[in-house]
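Chemist: Sequence and computational prediction follow.
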Amino acid sequence: MGQLNIPRVVIAGVSSGVGKTTIVTGLLLSLASRGLNVQSYKVGPDYIDPGFHQLASGKNAHNLDTWLVPPSSLTDIFATTAAGNDIAVIEGVMGLYDGGNSGVSSTAAIAKLLKAPVLLVVDAKSMGESAAAVALGFKLYDPKINFAGVIINRLGSPSHKQIVCEAFSRLGIPVIGTVFRNSELALPERHLGLTPVSEQDVAATVAEMGRQMARQVDVDALLSLAKTAGPLAVRPAIAKKGRLLKARIGVAQDEAFTFYYPSSLEILAEFGAELVPFSPLQDKHLPDVDGIVLGGGFPEMFAQQLADNRTMCADIRRAAERGMPIYAECGGLMYLTRQLSDFNGRHYDMAGVIPAICQMQSKLETVGYVETTALTDNVLCAAGDTLRGHEFHFSRMTPIGQEADFPWAFTFKKMRTGAAYQGGYVSENVLASYLHMHFAGNRQAAGRFVEQCAHYKCRQACAGDK
């Protein structure tokens, strides 16, 4: 085993909504403004918060999730992406101890895995000394956590700050930052949380976050704290051989399709894929590719534009008919159906590959970690194989015609409740469902998909020779 020596710190929260993303984004910009090489991470299956990280640091943020990716592989991802940086900043998910069953992939679990000190963000709005009592409970709950201090957020006045800070001082809990309420730092939200950075101009807001965190957080103290993280045992990096290009895979990437883990796409490249980005919104035609990946995102917010681009819809439908391998997750599934119905009940024609319609619902349909079992062979796995992932969607897919005859792709099992149900769509070359997964945790699936694309490429070449 080797060792990774890099200063690192986890910014956790008492709960969701305490301001972790605002604080972390501001700290990343403040650190980068000092000329430091900073790499950020987000705990859990989150696609939106990392976009704000990237604006601040200038680098892709990476997700850390021990349900989606085995702990040893997750440590590999951290070691590879953190190496060569001056500091790693890890934003937590929900509350410090919140995760899947038995705390799987909680912020606390990741902090212990990476042996990183933890700063707890406490929302002091509507609280005085009780804020210190809450933090003390978090500190004592798990003695194995390196609980290093707090950042107090949403203070209302200097007197409010004095009351709260005195309470923390009596408990001997270090206060690294005191952040006052500021409406200028508010970020727009909608049905799945924050609005992605790809759909808005938040550069001025992010810049203000950087200024405020530099003033209200002791960045020098944070750096000193991060340097207390000891060496992390990591597996030696495997030298990568020259990659044999097997297939070109088109990856839908625009404002409607943004939900990708960077290190997940890299696994496809490791297996010999050349990734070719394209836009179902803007491009009139599909690029010259041997397979297609349609990730998640917000097609419901761009339904009219997607529907109006009939040439792209037709290209994708013809590609499916020709036998091109297509893999789609959540928003990609919605795009492949015949019709999408938005929150107002308006209907839009989509690509028409899947004989079903997707309807947006007024309430969240489902959220949480799942395990799927393939009902038949598909482009990612064989019948009976399992894939790990998560679901998070407001839409519902309804088959057209007899539901009993619909070619369901998987049996889904919710890990929190054990509830089982059928979902997704499968044909010989198309696989689409609400499953979001990480190829680093499902490497065989990545390899199989690239091979399927390579076989399609070969078949097309042979057909062209005749």
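Modeler: Thanks, I have it.
Chemist: so where's this protein uncertain?
Modeler: Residue ranges of the chain with pLDDT under 70: 187-201, 237-243, 464-466.
Chemist: How is it partitioned into domains?
Modeler: 2-234, 247-465 (automatic domain parsing).
Chemist: Output those in CSV, with mean neighbour count appended to each entry.
Modeler: Glycine gets a C-beta too; all of them are placed from N, C-alpha and C. Below are the domains of the chain laid out as CSV (neighbours: other Cβ atoms under 10 Å):
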stretch, mean neighbour count
domain 2-234, 19
domain 247-465, 19
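Chemist: So L64 is in contact with S40, correct?
Modeler: No: judged on Cβ atoms under 8 Å, L64 makes no contact with S40 at a distance of 10.6 Å.
Chemist: hey, what's in contact with both of the two?
Modeler: Each of I90 lies in contact with both L64 and S40 under the rule Cβ atoms under 8 Å, 6 or more residues apart in numbering.
Chemist: What's the separation between T80 and P262?
Modeler: Distance of T80 to P262, given as Cβ to Cβ, to the nearest Å: 11 Å.
Chemist: And M397, by the same measure?
Modeler: 28 Å.
Chemist: can you check G384 too?
Modeler: 31 Å.
Chemist: do the same with S157
Modeler: Taking Cβ to Cβ, one finds S157 at 42 Å from P262.
Chemist: now swap in I249 and tell me
Modeler: Counting by Cβ to Cβ - I249 and P262 are separated by 15 Å.
Chemist: And R318, by the same measure?
Modeler: 30 Å.
Chemist: repeat for L286
Modeler: For L286 relative to P262 (Cβ to Cβ), the value is 23 Å.
Chemist: Name the nearest residue to E208, sequence neighbours excluded.
Modeler: E184 (5.6 Å; Cβ to Cβ, 6 or more residues apart in numbering).
Chemist: Doesn't the one you found belong to a helix?
Modeler: Yes: the assignment for E184 (DSSP: H, G, I helix; E, B strand; the rest coil) places it in a helix.
Chemist: I'd guessed it sits against A207; true?
Modeler: No: using Cβ under 8 Å, E184 makes no contact with A207, being 10.6 Å away.
Chemist: Run through who's touching stretch 41-48.
Modeler: Contacts of stretch 41-48 (Cβ under 8 Å, 6+ apart): 10, 49-50, 53, 61-65, 67-68, 78, 81, 88-94, 99, 105-107, 110, 192-196, 258-261, 296, 369, 389-390, 392, 436.
Chemist: Among these, which are located in strands?
Modeler: 10, 62-64, 88-91, 193-194, 258-259, 296, 369, 389-390, 392 (DSSP state E).
Chemist: Which stretches in the protein count as helices?
Modeler: 20-33, 49-57, 71-82, 107-113, 130-141, 158-171, 203-216, 219-226, 262-270, 303-308, 310-322, 331-336, 443-465 (DSSP state H).
Chemist: Out of these, the one nearest D342 is which?
Modeler: Proximity to D342, assessed across the helices of the chain by Cβ to Cβ, is greatest for helix 303-308 (5.6 Å).
Chemist: ok, so what distance separates R459 from P325?
Modeler: Counting by Cβ to Cβ, the gap from R459 to P325 is 11 Å.
Chemist: any common contacting residues for those two?
Modeler: Counting by Cβ under 8 Å, 6+ apart, R459 and P325 have no shared contacts at all.
Chemist: For Q444, which non-adjacent residue is spatially closest?
Modeler: That would be C381: by Cβ to Cβ, 6+ apart, it lies 7.0 Å from Q444.
Chemist: Surely the one you found and A445 touch.
Modeler: Yes: using Cβ under 8 Å, C381 makes contact with A445 at a distance of 5.5 Å.
Chemist: Can you pull the residues that touch both of the two?
Modeler: By the contact definition Cβ under 8 Å, 6+ apart, C381 and A445 are jointly contacted by L387.
Chemist: quick one: the strands in the stretch 301-450 of the chain?
Modeler: 326-329, 337-341, 347-349, 354-360, 366-374, 386-393, 395-399, 410-414, 420-423, 425-426, 430-433 (DSSP state E, counting those that start in this stretch).
Chemist: okay, those strands in TSV with distance to L27 next?
Modeler: Listed next are the strands of the stretch 301-450 of the chain as TSV, based on distance: least, Cβ to Cβ, whole Å:
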stretch	distance to L27
strand 326-329	31
strand 337-341	39
strand 347-349	41
strand 354-360	35
strand 366-374	28
strand 386-393	26
strand 395-399	35
strand 410-414	35
strand 420-423	39
strand 425-426	43
strand 430-433	37
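Chemist: Quick check: which of those is nearest to F168?
Modeler: Of the strands of the stretch 301-450 of the chain, nearest to F168 by Cβ to Cβ is strand 366-374, at 33.7 Å.
Chemist: one step back: right, so of the helices of the chain, which gets closest to A374?
Modeler: The closest of the helices of the chain to A374 is helix 443-465. By Cβ to Cβ, the value is 9.8 Å.
Chemist: That closest one versus strand 386-393: what angle between them?
Modeler: Angle of helix 443-465 versus strand 386-393, following axes from the mean of the first three to the mean of the last three Cα atoms, to 10 degrees, is 90 degrees.
Chemist: Can we start the residue count at 29 from this point?
Modeler: Let's use 29 as the start, then, which means that last one is helix 471-493.
Chemist: tell me which strands and helices helix 471-493 is in contact with?
Modeler: strand 275-280, helix 290-298, strand 319-322 (3 or more Cβ pairs under 8 Å, 6 or more residues apart in numbering; DSSP states H and E).
Chemist: same thing but at 6 Å, please
Modeler: strand 275-280 (3 or more Cβ pairs under 6 Å, 6 or more residues apart in numbering; DSSP states H and E).
Chemist: Tell me how far the strand it packs on lies from the chain's centre.
Modeler: Distance of strand 275-280 from its chain centroid, counting by Cα atoms, centre = their mean, to the nearest Å, is 20 Å.
Chemist: So Q367 sits against I385, correct?
Modeler: Yes: Q367 is in contact with I385 according to Cβ atoms under 6 Å; the separation is 4.4 Å.
Chemist: what do those two both touch?
Modeler: Residues touching both Q367 and I385 (Cβ atoms under 6 Å, 6 or more residues apart in numbering): none.
Chemist: Quick one: residues contacting Y484.
Modeler: Y484 neighbours (Cβ under 6 Å, 6+ apart): D318, M352, P353.
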